[in-house]
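In: Have a look at this prediction, sequence included:
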Amino acid sequence: MNRETLEKKARQVYQYMMYSERTQWGNHEWIDWAMNIDRWDWNAGVGLIAAAEYRRAAGEERVIGEVEAWVTRNRDQSEAVRVINAMAPFAVFPQLYDRQNNPYYREKTKEIAEWMAAQSPRTRNGAFEHTVTEKASFREQIWADTIFMAVLFLARAARLLSDHRMADEALRQVLLHLRALQDEETGLLFHGWNCEAGDWMSAARWNRANAWNACGIPMILEELASCGFDVGENEMLTEIKIRYRRLIDALALRQNASGLWPTVLDRPDFYEETSGSAGIACGIYKAARMGLAPASLKESADRTVLAMVAYISDNGAVRGASGGTPVLESVAAYNKVPIFPTVYGQGLTLLLFAEALRRTEG
């Protein structure tokens, strides 16, 4: 696909994510949660992270100002919620500090990173426990989402603050999550692990869970490398790279002929889901670019880009994204999750297009 078409599609996706109106969101009970970007939570955080990546890849300098305007409007909300799953919006703070040297962004980054490293709830093996803004408890549970929602921020904080302890903790969290969630038989990741029960609960190899890691881990490693973290002989990094390569190889094998992935990766009869597919393909691009996976796998992600274009409405809404999905009671239940546009669906698609735009640069 040529760069002009990619830029057009990315612009449409971005505009709908940031500026669509309620009348465009559909008529289901989750519309406000799904598409209201002015909520301080993981959903909006994914969108902001993607917007910053899009700005860099497309040269859309206005975007970073619009991200900053979002923070100005919504930062008071952050004081009311301090849970792992709501850390994602903070991931843009180091980038905003880089842009204008506003001490607020550096100070808040330091405050939140120190809270995360020292005070956030942990499971018995030391992983960040999955805590959420909703009135729900997931005691002793490790979820795949946390890599993107919280550990990415911690890695960026380590880079901004030149804090090797934070860098080491970010790397440790990646490894703890991979060890807990990776299926040794297939290389794929389960959605969650219950440390108390000692099981993967429904044991679903859910595609968006895998996407958060496929996409998030290269972003984390890139941040740690840029802050001078000495990982040359680091055993943790070696194991992470081995496990991550197994994940990427397993994902490439599960891709459908259409270029997308089913919502549960080992159930090809389940519906194809776009947000997870976009995240997986973005991860493949990043992994190939960084030498974490063979360059030949870029062709797999190319097919996903072509497939995703057909799911973008004229107004920029990305169709085919499944709604918010906790660890469900059975694998079969994942095939019944409703589909509607979401901020994270827009964000993961935008991340894919941003990485595809980098590919057009050679």
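Out: Good, I have the coordinates.

In: So for residue 233, what pLDDT did the model give?
Out: Residue 233 is assigned a predicted lDDT (pLDDT) of 54.

In: just residue 359 next, same as before
Out: Note on residue 359: pLDDT of 88.

In: Please report phi then psi for it.
Out: phi -70, psi -30 (degrees, to the nearest 10).

In: so how many other residues sit close to it?
Out: Using other CB atoms under 10 Å, residue 359 has 18 other residues around it. C-betas here are computed from N, CA, C, even on glycine.

In: Mind telling me what element the closest residue to it other than its chain neighbours is part of?
Out: Nearest residue to residue 359, sequence neighbours excluded (CB to CB, 6 or more residues apart in numbering): residue 285, at 6.3 Å. Per DSSP states H and E, residue 285 falls inside helix 274-290.

In: how about the strands in the stretch 151-300 of the chain?
Out: Listed in chain order, the strands of the stretch 151-300 of the chain (DSSP state E, counting those that start in this stretch) span residues 192-194, 261-262, 272-273.

In: Low-confidence bits of the chain, can you list those?
Out: 228-233, 362 (pLDDT under 70).

In: so who does the residue nearest to residue 271 when sequence neighbours are not counted touch?
Out: Residue nearest to residue 271 in three dimensions, not counting chain neighbours: residue 263, with 5.7 Å by CB to CB, 6+ apart. Going by CB atoms under 8 Å, 6 or more residues apart in numbering, residue 263 touches 206-208, 270-273, 276, 322, 334-335, 337.

In: Just send those residues back as CSV, with distance to residue 121 and neighbour count too.
Out: Shown next, in CSV, are these (distance: CB to CB, whole Å; neighbours: other CB atoms under 10 Å):
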residue, distance to residue 121, neighbour count
206, 23, 29
207, 27, 31
208, 23, 28
270, 32, 18
271, 34, 16
272, 35, 18
273, 29, 26
276, 26, 31
322, 27, 23
334, 26, 25
335, 31, 17
337, 27, 17
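
In: coming back round to it: the residue nearest to residue 359 reaches residue 354, doesn't it?
Out: No: look at residue 285 against residue 354 with CB atoms under 8 Å: they stay out of range, at 9.5 Å.

In: Between those two, tell me which one has more neighbours.
Out: residue 285 (28 against 24).

In: residues touching the more buried one, list them.
Out: 298, 301, 352, 355-356, 358-359.

In: Residue 244 versus residue 238, what's the distance?
Out: Going from residue 238 to residue 244 by CB to CB, to the nearest Å gives 11 Å.

In: more neighbours, those two?
Out: Comparing residue 238 with residue 244 by other CB under 10 Å, the one with more neighbours is residue 244, at 23 against 11.
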